[in-house]
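Trainee: sharing a sequence plus its predicted fold:
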Amino acid sequence: MSEFSVFWFRRDLRLDDNAGLFHALTSGRPVIPVFIFDTEILDELPPKDARVDFIHRTLEELQEKLREFGSSLLVKYGEPLQVWEEILSEYEGIKAVFTNHDYEPYALQRDREVGEILAQKGISFHTFKDQVIFEKKEILSGKGTPYTVFTPYSKNWKATLSPAHLTDYGTEAHFSHFFSSEKKELPSLESMGFERTNTLFPNRIPDKEIIRVYEQKRDFPAQKGVTHVGMHLRFGTMSIRKLVRVALALNETYLNELIWREFYMQILANFPHVVNGPFKPAYAAISWRNDEGDFEKWKAGKTGFPLVDAGMREIAATGYMHNRVRMLVSSFLVKHLLINWQWGEAYFAEKLLDFELASNNGGWQWAAGCGTDAAPYFRIFNPETQLKKFDSQAEYVRKWVPEYGTPTYPRPMVDHKMARERCLKAFKDALT
DNA sequence: TGAAATGTTGGGGCG
DNA sequence: ACGCCCCAACATTTC
């Protein structure tokens, strides 16, 4: 009977520089590449979800590459534990399963359960670090505790970094170790209850010129100043190690943004309660207004504050929003409208192509002032000032709010000065 | 990775 | 030449 290894793709949808895949291909057995469309996740999504579309397209590309050397991706649809039972009965010779670490609470639970099934059958389960440079216990303060402030974390991160952390797990030399098989078809999007979208997905190769002058342009949403790599890091269509190598060579500010990503990932992993509420418990006492009508205006981009509205229309139309504008719209929702930041967090989770639980949660907690290393609550963005500073010619605004400046554009839904004072009072009441 | 309020300074107009 | 006032520009404090 022939023996196999399996490589289970999840958030690492690439063949190049993939740690777990490298180890699978060098394990001495032919490797069956597997992907599971997880119904536990998909059942929560609307039929037109660009991220599902993106995954499907990416799997088709992977499939084409695997065909070049006579292999085929095995793509399943279902509940992971059941799917694993199915795979193990279809391929009796499976001796080992390889995969890369996934750190979100749901994924940790899933992997524990899959690990148990495999262990019962005497199949070894090998998991690897691939998604980050440093995991949650690899960068700790002198006391051995996790950092909760970015700057010291980033200093230690940089000091700890060595070339070994940036190893290129190239797999090309080992492609012949993929299991040779007839072409297997992917389940169609339609068969899983989804539709194609006409989303324009970001380029997989980051623009080096943008990285080189990052700090000069990154704050101006009308300029080509950011690289849109979030989605590729989310789904692993880009290697973080490769990107860090580029950042090290080109731009410190850009590198810091990659470190922010890992900072929030280790916050989520070390303090999982942030998923369900504020990092700082005192902030649970805020009396939010939580006005549904206000929330609808915010989502629709009809607040009457042009830069806020531009951002909200951009995210609705494209699944993306410039980061400077993300900070403003979050501040506006939480501070001006006094709506629980978790409402905004959930809306972003639904819309953003580059949605990442850790970063999204960290960003919202930062904006609300209740997180680690948060902006103090009395930091309230002035939407007009932000417009003057970062989109003074209203280029970005006019792109998304064509009626800006005409009589049909709504009046500001709140008076800035009143809202600011109302917010300061609400936070002060809760916190003192 | 704020903004507003308050305080300080110094140049220029003017009696 | 001097003192006084105004106010922009900048600095510091406060929310």
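Mentor: That came through, no problem. Residues are numbered from 1 along each chain as shown, chains lettered A, B, ... in the order given.
Trainee: could you count how many residues lie near the spatially closest residue to residue A:231 that is not a sequence neighbour?
Mentor: Excluding its sequence neighbours, the residue lying closest to residue A:231 (Cβ to Cβ, 6 or more residues apart in numbering) is residue A:354, at 4.3 Å. In short, each C-beta sits where N, CA and C put it, glycine included. Under the neighbour criterion other Cβ atoms under 10 Å, residue A:354 is assigned a count of 20.
Trainee: so who does residue A:354 touch?
Mentor: A:228, A:230, A:231, A:233, A:234, A:320 (Cβ atoms under 8 Å, 6 or more residues apart in numbering).
Trainee: list of residues touching the helix or strand containing the third one?
Mentor: Following DSSP states H and E, the helix or strand that holds residue A:231 is helix A:230-235. With contact meaning Cβ under 8 Å, 6+ apart, helix A:230-235 is reached by A:11, A:13, A:51, A:54-55, A:58, A:131, A:201-202, A:204, A:237-238, A:240, A:243, A:261, A:353-356, A:359.
Trainee: can you give me the buried ones in stretch A:390-403?
Mentor: For stretch A:390-403, a neighbour-count test (16 or more other Cβ atoms under 10 Å) marks A:390, A:391, A:394, A:396, A:397, A:398, A:400, A:401 as buried.
Trainee: what would those look like in TSV with pLDDT, secondary structure and distance to residue A:117?
Mentor: Output for the buried residues of stretch A:390-403, formatted as TSV (pLDDT from 0 to 100; DSSP: H, G, I helix; E, B strand; the rest coil; distance: Cβ to Cβ, whole Å):
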residue	pLDDT	secondary structure	distance to residue A:117
A:390	96	helix	51
A:391	96	coil	53
A:394	97	coil	57
A:396	98	helix	50
A:397	98	helix	53
A:398	98	helix	56
A:400	98	helix	48
A:401	98	coil	52
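Trainee: flag every residue of chain A that's near DNA strand C.
Mentor: Within chain A, the positions adjacent to DNA strand C are A:376, A:378, A:379, A:424, A:428 by Cβ under 7 Å from any atom of the strand.
Trainee: distance of the nearest residue to residue A:146 once chain neighbours are set aside relative to DNA strand C?
Mentor: Computed as Cβ to Cβ, 6+ apart, the closest residue to residue A:146 that is not its neighbour in sequence is residue A:270, at 4.1 Å. Taking Cβ to the nearest atom of the strand, to the nearest Å as the measure, residue A:270 falls 29 Å from DNA strand C.
Trainee: tell me the pLDDT at whatever residue of the stretch 201-350 of chain A ends up closest to DNA strand C?
Mentor: Here the stretch 201-350 of chain A gets closest to DNA strand C at one residue, residue A:335, 11.2 Å apart by Cβ to the nearest atom of the strand. Model confidence at residue A:335, expressed as pLDDT, equals 97.
Trainee: how deep is it tucked in, by neighbour count?
Mentor: Using other Cβ under 10 Å, residue A:335 has 25 neighbouring residues.
Trainee: that one: what's it in contact with?
Mentor: Residue A:335 neighbours (Cβ under 8 Å, 6+ apart): A:377, A:380, A:381, A:419, A:420, A:423.
Trainee: what's the most distant pair in those?
Mentor: Across these, no pair lies farther apart than A:377 and A:419, at 13.8 Å, counting by Cβ to Cβ.
Trainee: ok, for residue A:11, nearest residue in space, not its chain neighbours?
Mentor: residue A:236 (4.8 Å).
Trainee: that neighbour - how many residues pack around it?
Mentor: 20.
Trainee: next, find the distance separating it from residue A:20.
Mentor: 10 Å (Cβ to Cβ, to the nearest Å).
Trainee: can you list the neighbours in contact with stretch A:425-432?
Mentor: Outside stretch A:425-432, the residues touching it (Cβ under 8 Å, 6+ apart) are A:282, A:283, A:285, A:286, A:287, A:288, A:338, A:369, A:377, A:378.
Trainee: kindly recompute the last result at 7 Å.
Mentor: With Cβ atoms under 7 Å, 6 or more residues apart in numbering as the test, stretch A:425-432 has contacts from A:282, A:283, A:285, A:286, A:287, A:338, A:377.
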